[in-house]
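Student: got a sequence here, can you model it:
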Amino acid sequence: MRSALILMSTSFASIALAADVDGRWTTFDPDSGAKRSIVEITKDGNQFAGRIVELFTVPGEPSDPACDLCPGAQRGRKIRGLEILNLSRADNEAGYTGRILDPEEGRLYKCNVTLDATGNRMTIRGYVGIPLLGRNVTWERVK
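Tutor: Presented below is the predicted three-dimensional model:
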């Protein structure tokens, strides 16, 4: 019995370590909990980039909105197709660090990203300055 438990825990740990952030993720409105978008994260070498590929708009919102508040070259671009996430592996190999754009606010934040043990939930801590002053959002992997 003990051997089986050790084998199972080793297998789960291997699955968690093998999981990466690339794939499709569902984002949620932090206030209502409703689905907001699908973000597709792709890997290029040691870098990861996330682009909005689908939007879930609510009645009264434009069906294909532009990022009117975004900074620089992103300003005025359609939100669908917009790159909002750039990550690289953290130095400790336990997560990811990078930047995330909030197209609704038009703000760019530093971020730390971690996956849960199953690799199906991702927590993103966006912040300005230091992580202590940030907030978390959770995305779920599209199955």
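
Student: counting neighbours, what do you get for Tyr109?
Tutor: Residue neighbour count, defined by other C-beta atoms under 10 Å, stands at 17 for Tyr109. Placement of C-beta: from N, CA and C, glycine included.

Student: beta partners for it?
Tutor: Ile100 (DSSP bridges).

Student: can you name the next helix or strand after the helix or strand of the chain with the lowest mean pLDDT?
Tutor: The helix or strand of the chain with the poorest confidence is helix 2-18; it has a mean of 39 (mean pLDDT, DSSP states H and E). Downstream of helix 2-18, the first helix or strand assigned by DSSP states H and E is strand 23-28.

Student: give me the distance from that following strand to the chain's centre.
Tutor: Relative to the centre of its chain, strand 23-28 is centred 7 Å away, using C-alpha atoms, centre = their mean, to the nearest Å.

Student: what's the separation between Thr114 and Asn120?
Tutor: For Thr114, the distance to Asn120 (C-beta to C-beta, to the nearest Å) stands at 13 Å.

Student: helices or strands up against the helix or strand where Gly98 lies?
Tutor: Counting by DSSP H and E, the element that carries Gly98 is strand 96-102. Strand 96-102 sits against strand 47-55, strand 83-89, strand 107-115, strand 121-127, with contacts defined as 3 or more C-beta pairs under 8 Å, 6 or more residues apart in numbering; DSSP states H and E.

Student: now the angle between strand 107-115 and that strand, please.
Tutor: Relative orientation of strand 96-102 and strand 107-115, computed by axes from the mean of the first three to the mean of the last three C-alpha atoms, to 10 degrees: 140 degrees.

Student: list the buried residues in strand 96-102.
Tutor: Neighbour-count burial for strand 96-102, with 16 or more other C-beta atoms under 10 Å as criterion, is recorded at Tyr96, Thr97, Gly98, Ile100, Leu101.
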